[in-house]
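In: generate a structure from the sequence data that follows.
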Amino acid sequence: MTFIWGLKKSNGTVHCYFRKTRCVNEKPNVAMDICLGTADKIIQENMGVEEKEIIKTLNIDALATN
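Out: Residues are numbered from 1 along each chain as shown. Alright, predicted model coming up:
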């Protein structure tokens, strides 16, 4: 399963991650974890951009290191 999740750091900023998990021996394991940046940075980069332009293709297999 792949999803985007946010992790709040001790200084109050929220960092967003793209995470891919898989089951090994019936237990979930993290297969890939990519930091997308802070929530504020993502919002600033996409201000004024229409919704159809925000969606980008991400080749997961090319980014996988495992």
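In: nearest the middle, which residue of the chain would you pick?
Out: Phe18 (1.9 Å; Cα atoms, centre = their mean).
In: all helices for this structure, in order.
Out: Taking DSSP state H as the test, the helices found in the chain are 39-45, 51-54, 60-63.
In: what sits closest to Cys16 if chain neighbours are left out?
Out: Of all residues not flanking Cys16 in the chain, Leu36 sits nearest, at 4.4 Å (Cβ to Cβ, 6 or more residues apart in numbering). C-beta coordinates here come from the backbone N, C-alpha and C atoms, glycine included.
In: the one you found touches Phe3, doesn't it?
Out: No: using Cβ atoms under 8 Å, Leu36 is not in contact with Phe3; the gap is 12.0 Å.
In: anything in contact with each of those two?
Out: Residues touching both Leu36 and Phe3 (Cβ atoms under 8 Å, 6 or more residues apart in numbering) are Phe18.
In: more neighbours, these two?
Out: Leu36 (13 against 9; other Cβ atoms under 10 Å).
In: for the more buried one, give me its contacts.
Out: By Cβ under 8 Å, 6+ apart, the neighbours of Leu36 are 4, 15-18, 42.
In: which among these end up buried?
Out: Buried members of the contacts of Leu36, scored by 16 or more other Cβ atoms under 10 Å, are 15-18.
In: low pLDDT regions in the chain?
Out: The model of the chain has pLDDT under 70 over residues 48-66.
In: just give the nearest non-adjacent residue to Arg22, would you?
Out: Ala31 (4.7 Å).
In: cool, thanks, talk later.
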